[in-house]
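Visitor: Fold the following and give me the result.
(one chain, ligands or ions: 1)
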Amino acid sequence: MLRLVLYTLAGLLVLAIVGYFIIAAPIADARFNKKPEAPSEPVSDRAQAVHDTTMVADLHNDLLLWPRDPLERYDRGHTDVPRLREGNVGLQVFAAVTQVPQGRSYAGTDASSLDQIPFLVAAQRWPPRTWRSRLERALYQAQKLDQAVNRDDALTLIRTQDDLDRTLARRADTPDVMGTLLAVEGLHALEGDAANVDTLVNAGYRMMSLTHLFDNALGGSSTGLEKGGLTNFGDNVLGRLKRQNVIIDLAHASDALIDDVLARTSDPVVVSHTGVRGTCDSPRNLSNRHVKAIAEQGGIIGVGIWERAVCGDTPAATARAMRHVADLVGVEHVALGTDFDGTVSVPFDAAGLPHLTEALLAEGFTPDEIQQILSGNVVRVLRMTLPSNA
Ligand SMILES: [Zn+2]
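Guide: Now for the predicted structure:
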């Protein structure tokens, strides 16, 4: 009898372990990156025609964190390379997320509360070094993208201005060509060592935000507890980022951190994925003052499509936020940062991007302006900020 109970318990334990390593991650993926219903209104012929001739450059996508082969088409989540191609995306920035504290909230996220990433990466059977190390998580995500690029002739990793120009030239004849660029979301990935900037750069990372959801050793987050400015360590890291021509991303930065970084750099910066307080008031979104200051330095604002960024669950809400930025500082500073697969609620997946073009036309933007917003401005800033060779 005892033996039967023991065998039953052992069997249940094995089932639980097998279940964890096989189905837990896909279940979390489908739940946190819910695939949206296709919008009920079809895209008009005019919008589709404008979209078909307009390459999309998206400044922010978290696909690499999830249990999906980037090259396969999935019925869950927001993106994969086939759906990005269907949405006419020619340039995609993939961001590495390395720490997500439990109980995160706009009211204040505590960096010391339990990190959920080890559970997600262990469930995907990532190497054990990634279970412990945030730097290793970033390096593994770069490796994941590298492997996808190596298996697909029309997918490139952009490290230099030359890579960008070559990718765009190829794309002119071959619409399947898609460039990718690596970004880090929050430099707690350095694990306290500024020299790890070089490690990340060598792995291909070209865009980095100082903070993510919580205050870290570099400075304050817009959703942190203190929301402070740049620390001495952050200042030291900023110097390295500039020497390595890393593009600075101010998404998730606190107001004080934005002020401090802008005071110390004259190069264009990006805000890879954000909303604006002018249409959606939240601490996570940019104030008019910061929109102006970023535009004055030649930077771009990647407006998001997710509900909490634009206070709405329609493409029109994103178009409205883009209109606000364009009216404030000019259309040449407006860009797109979807936050696809960033555990957010979005009105369409990557294949549905023509719905955004429809909303931009309805908002009164011309096809030329839509081209600037959807990719022209990003390409201009990357040409100015990427290293000329590597
Ligand atoms: Zn983010």
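Visitor: In this protein, what helix or strand scores lowest on average pLDDT?
Guide: helix 2-19 (a mean of 86; mean pLDDT, DSSP states H and E).
Visitor: Give me the distance between it and the centre of its chain.
Guide: 41 Å (Cα atoms, centre = their mean, to the nearest Å).
Visitor: With stretch 250-267 instead?
Guide: How far stretch 250-267 lies from its chain's middle: 18 Å, per Cα atoms, centre = their mean.
Visitor: Just the endpoints, please. Distance across that stretch?
Guide: 13 Å (Cα to Cα, to the nearest Å).
Visitor: Residue 197: how many residues sit nearby?
Guide: 24 (other Cβ atoms under 10 Å). (Each C-beta comes from the backbone N, C-alpha and C, glycine too.)
Visitor: Walk me through the domains of this protein.
Guide: Taking automatic domain parsing as the domain assignment, the record places the domains of the chain at 1-31, 45-385.
Visitor: measure the first one end to end?
Guide: Start-to-end span of domain 1-31 (Cα to Cα) is 41 Å.
Visitor: same check, this time on the longest one
Guide: Distance between the boundary residues of domain 45-385 (Cα to Cα) amounts to 37 Å.
Visitor: quick one, what contacts the residue nearest to residue 246 when sequence neighbours are not counted?
Guide: The shortest distance from residue 246 to any non-neighbouring residue, by Cβ to Cβ, 6 or more residues apart in numbering, is to residue 208 (5.4 Å). Contact analysis of residue 208 by Cβ atoms under 8 Å, 6 or more residues apart in numbering lists 183-184, 187, 197, 200, 241, 246-249.
Visitor: What's opposite residue 208 in the beta bridge?
Guide: Counting by DSSP bridges, residue 208 is bridged to residue 184, residue 248.
Visitor: Distance-wise, check the residue nearest the centre of the chain relative to residue 305.
Guide: A centroid search over the chain (Cα atoms, centre = their mean) returns residue 60, at 2.5 Å, as the residue closest to the centre. Using Cβ to Cβ, to the nearest Å, residue 60 is found at 10 Å from residue 305.
Visitor: now residue 107
Guide: Residue 107 sits 23 Å away from residue 305, taking Cβ to Cβ as the criterion.
Visitor: more neighbours, the two?
Guide: Between residue 107 and residue 305, counted using other Cβ under 10 Å, residue 305 has the larger neighbour count: 33 against 8.
Visitor: Around residue 330, how many other residues sit close by?
Guide: Residue 330 has 12 neighbours, counted by other Cβ under 10 Å.
Visitor: no wait, residue 359
Guide: Counted with other Cβ under 10 Å, the neighbours of residue 359 add up to 22.
Visitor: State the helix or strand in which it lies.
Guide: Following DSSP states H and E, the helix or strand that holds residue 359 is helix 354-362.
Visitor: that older thread, now for residue 60 and residue 305: what residues contact both?
Guide: 338-339.
Visitor: Adding distance to residue 297 and pLDDT, write the contacts of residue 208 out as JSON lines.
Guide: As requested, those are exported to JSON lines (distance: Cβ to Cβ, whole Å; pLDDT from 0 to 100):
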{"residue": "183", "distance to residue 297": "19", "pLDDT": "98"}
{"residue": "184", "distance to residue 297": "21", "pLDDT": "98"}
{"residue": "187", "distance to residue 297": "20", "pLDDT": "98"}
{"residue": "197", "distance to residue 297": "21", "pLDDT": "98"}
{"residue": "200", "distance to residue 297": "24", "pLDDT": "98"}
{"residue": "241", "distance to residue 297": "15", "pLDDT": "98"}
{"residue": "246", "distance to residue 297": "16", "pLDDT": "98"}
{"residue": "247", "distance to residue 297": "13", "pLDDT": "98"}
{"residue": "248", "distance to residue 297": "10", "pLDDT": "98"}
{"residue": "249", "distance to residue 297": "14", "pLDDT": "98"}
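Visitor: list the contacts for residue 341?
Guide: Listed by Cβ under 8 Å, 6+ apart, the contact set of residue 341 reads 33, 61-63, 65-66, 77-79.
Visitor: mind checking how far stretch 354-372 is from the chain centre?
Guide: For stretch 354-372, the distance to the chain centre is 22 Å (Cα atoms, centre = their mean).
Visitor: Now do the buried residues in that stretch.
Guide: Using 16 or more other Cβ atoms under 10 Å as the test for burial, stretch 354-372 gives 354-361, 363, 365, 367, 369-372.
Visitor: same deal with stretch 187-200?
Guide: The neighbour-count check on stretch 187-200 (16+ other Cβ under 10 Å) flags 187-190, 194, 196-197, 200 as buried.
Visitor: that older thread, which member of the contacts of residue 341 is positioned nearest residue 146?
Guide: Nearest to residue 146 among those: residue 63, at 14.2 Å, using Cβ to Cβ.
Visitor: How many residues are close by that closest one?
Guide: Neighbours of residue 63 (other Cβ under 10 Å): 26.
Visitor: contacting residues around the residue nearest to residue 100 when sequence neighbours are not counted?
Guide: Nearest residue to residue 100 in three dimensions, chain neighbours excluded: residue 116, at 4.9 Å (Cβ to Cβ, 6+ apart). The contact partners of residue 116, by Cβ under 8 Å, 6+ apart, come to 100-102.
Visitor: Please repeat the previous calculation with a cut-off of 10 Å.
Guide: Residues near residue 116 by Cβ atoms under 10 Å, 6 or more residues apart in numbering: 28, 99-104.
Visitor: Check it and give its pLDDT.
Guide: With respect to pLDDT, residue 116 scores 94.
Visitor: quick one: the strands in the stretch 1-150 of the chain?
Guide: 56-61, 89-97 (DSSP state E, counting those that start in this stretch).
Visitor: of all the ones you listed, which lies closest to residue 2?
Guide: Residue 2 lies closest, by Cβ to Cβ, to one member of these: strand 89-97, at 46.7 Å.
Visitor: Would you give the sheet partners of the closest one, along with the direction of each?
Guide: Take DSSP bridges as the rule and strand 89-97 pairs in its sheet with strand 56-61 (parallel), strand 178-185 (parallel).
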